[in-house]
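Colleague: missing the sequence, but the structure's below:
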């Protein structure tokens, strides 16, 4: 940008410094000066529109605009208005004199001189308009506005907590009360008010939850502080957070939903007493002892149930006035609300469930709530249980109820949507789905249904949801009572904890998560068992009797995560109905028995220590999904194993096996993928493009992450489902034709060190990359153009849906578009452009292309020595 600034300054001097020329020069150059001004005004207008689009988009994203940006926009607007009037007056003057046939020489001299000076001012304004960027994203607060219901008891509680925060000598405050009483809502309102009153320089909040996942808590706090934690270890992240928080003179840290005491230094929160006098803590828990004795709070506030009139206001607002105002319904609705005992979670959930429902459904709901008794609900408040049980009973569809119960057991923390594919397919939850792609769509629909019923919560993270701990507890009770699910969590598993022999005969699911245990019992007879999930608290060697599975012949899903097994028990061969087997993060020796699992459809070996994939996997002829992600020690896949899995639809090998060989060798070769005609989803790393076969390996893929070359690092998440990365890729190789369909479907394309013959990226797809949203090209000295019109199909739009373009170290790049123009709509969705170390470029876009960049928000140009203009 320094070079651009110097160039602009030189140009301004050319216009503003009155040259030593004869007045006749203004007369002779009259037409040139007027046209030059018109062109400069048009360029400035385009630049002004781009900056305005950037400002509008930033505001929509909640970003804060730098002060100099609106000042520049005002300056540009005023000049454009003035210059446009000048040009209109000049045009009128020409017409008034027979279109210039009898020109007024004095007038021409004055107009030409003024046009040249205004052109100089235009260049000056244009040069001042390079903002990188126009805005900044303020740290996340994730604070919800106060509800529309002004509930007196909650306003009193809010004021009490706020008053405690203002006290100089109070730095640890607690709020406690029954689950579902509204503690989380209250502290979010406290956070909002504290921020509005500017009591603290920063207000940050994180949910601790029953399973205190330190990395997640640290990430939530870092997000609110506007920082990224690059450290891998919990200790390193804690140190970075501690340092960042101490940099704030005053800070309020809110930790919601503590189930036990937690060490602040392990998170990275400075102690208000020892390390940071300006730090205050606000904590919530169901248990006052956790706050006062374990966390040392100085003041605790009990949040009680709502009063009857408050409860009615909340219930009525959530059920909807149209529903409640029905004379036939009003008394029934009042009785329903009364039975919910003033618990906000129960009131909101039931009101949402019954909104717009018929009179018979309201009457039925009232009778159901009256029939619930406190017995056998695990010490939970009967009103809470009854309200959530009612919402569960009213879930519509055969799939959504077991899916809801599955949500409650899979995780006590945030729930990753992708995990449900393994369990749901194995349990045959998704009726009428024949493929994995259809199942993925069904999962998304079911999650939307549960969120609409207030039974699942958003987290702010893509493809991740959360279940309120009270809702989860109710779901676990329902599963235990109605579906005969046996579940234990975070305890020590003893023999006496197992159900009786009679009960075991009824059990359908077993969940043993985060437990301390060293062996599983012999002789379990569970004829109805369909799911067995076993997750030790730590990696441990667990003794599994060889006959363990003999009494579980209906088992469909088996998950042995983090288990160290010398070998799989021989009784695994009894599992003739097993559909899903998960051995993630597992160590196992003898694997031969797996060959007996003829109905197995899903096999996951994520993050496992296998060095060689067992050859027996080739006999799993019904396998639809094989997941090897993160198994970085895997070096050998015997040849013909992959090609034998002819029903495979989804193969996941990210950050895993890369030792592909040519045909005829002992290790796997890529041509084996040609046998997988049903394959629609593929994650794979290929060290060298020369290993690719001539055949059409990738024709049917719907989702893919394909990295070719040895320079790529695998990440946990990506923006799109269709990602292609190519390094040292030679377009003269035979494989280009075989990859043409893949390139056309790619949404995210990353090109590194393109080889000979690739003077333009457009050579890779003559149809202009119709699906591409993100393009990054780097370290490719042969590239002269991104798009060369000579490579494109006539009348074909180029990059019509592309949103981001990144160009780095392209030393011979001359233009983005070379040898001609493209139809309207090319680059029409482009929002962000980054250019770095491209010394061959003198400008970024031609004027023709610039006119189509209506959605452009951000341009970043750095270290481009010869760049003179953005648009020329």
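Modeller: Alright, I've got the coordinates. This is a predicted model, so every value here is computed, not measured.
Colleague: residue 110 is in contact with residue 30, correct?
Modeller: No. Using C-beta atoms under 8 Å, residue 30 is not in contact with residue 110, being 10.3 Å away. Every residue, glycine included, has its C-beta placed from N, CA and C.
Colleague: those two - which one has more neighbours?
Modeller: residue 30 (21 against 12; other C-beta atoms under 10 Å).
Colleague: do you know how far the more buried one is from residue 106?
Modeller: Separation of residue 30 from residue 106 (C-beta to C-beta, to the nearest Å): 12 Å.
Colleague: and residue 387, by the same measure?
Modeller: Counting by C-beta to C-beta, the gap from residue 387 to residue 106 is 88 Å.
Colleague: where do the strands sit along the stretch 1-150 of the chain?
Modeller: 64-65, 135-136 (DSSP state E, counting those that start in this stretch).
Colleague: put together CSV for those strands, with mean neighbour count and mean pLDDT on each row.
Modeller: Compiled in CSV, those are given as follows (neighbours: other C-beta atoms under 10 Å; pLDDT from 0 to 100):
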stretch, mean neighbour count, mean pLDDT
strand 64-65, 14, 82
strand 135-136, 16, 73
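Colleague: adding distance to residue 537, write the ones you listed out as CSV.
Modeller: What follows is the strands of the stretch 1-150 of the chain, written out as CSV (distance: least, C-beta to C-beta, whole Å):
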stretch, distance to residue 537
strand 64-65, 45
strand 135-136, 42
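Colleague: for residue 186, find the nearest of those strands.
Modeller: When the strands of the stretch 1-150 of the chain are ranked by distance to residue 186, counting by C-beta to C-beta, first place goes to strand 64-65 at 28.2 Å.
Colleague: for that closest one, name the packing helices and strands.
Modeller: Packing contacts for strand 64-65, counted by 3 or more C-beta pairs under 8 Å, 6 or more residues apart in numbering; DSSP states H and E, involve helix 30-60, strand 135-136.
Colleague: pick the most buried one from the ones you listed.
Modeller: Comparing the helices and strands packed on strand 64-65 by mean neighbour count (mean count of other C-beta atoms under 10 Å), helix 30-60 comes out on top with a mean of 18.
Colleague: what is that one packed up against?
Modeller: Using 3+ C-beta pairs under 8 Å, 6+ apart: helix 30-60 touches strand 64-65, helix 68-96, helix 105-128, strand 135-136, helix 847-850, strand 869-871.
Colleague: how about a cut-off of 6 Å?
Modeller: Applying 3 or more C-beta pairs under 6 Å, 6 or more residues apart in numbering; DSSP states H and E, one finds that helix 30-60 contacts helix 68-96, helix 105-128.
Colleague: which one of those is the most hemmed in?
Modeller: Highest mean neighbour count among the helices and strands packed on helix 30-60 (mean count of other C-beta under 10 Å): helix 105-128, with a mean of 19.
Colleague: any idea of the angle that one forms with helix 68-96?
Modeller: 160 degrees (axes from the mean of the first three to the mean of the last three C-alpha atoms, to 10 degrees).
Colleague: tilt between helix 105-128 and helix 30-60?
Modeller: Using the same axes, to 10 degrees: helix 105-128 against helix 30-60 is 30 degrees.
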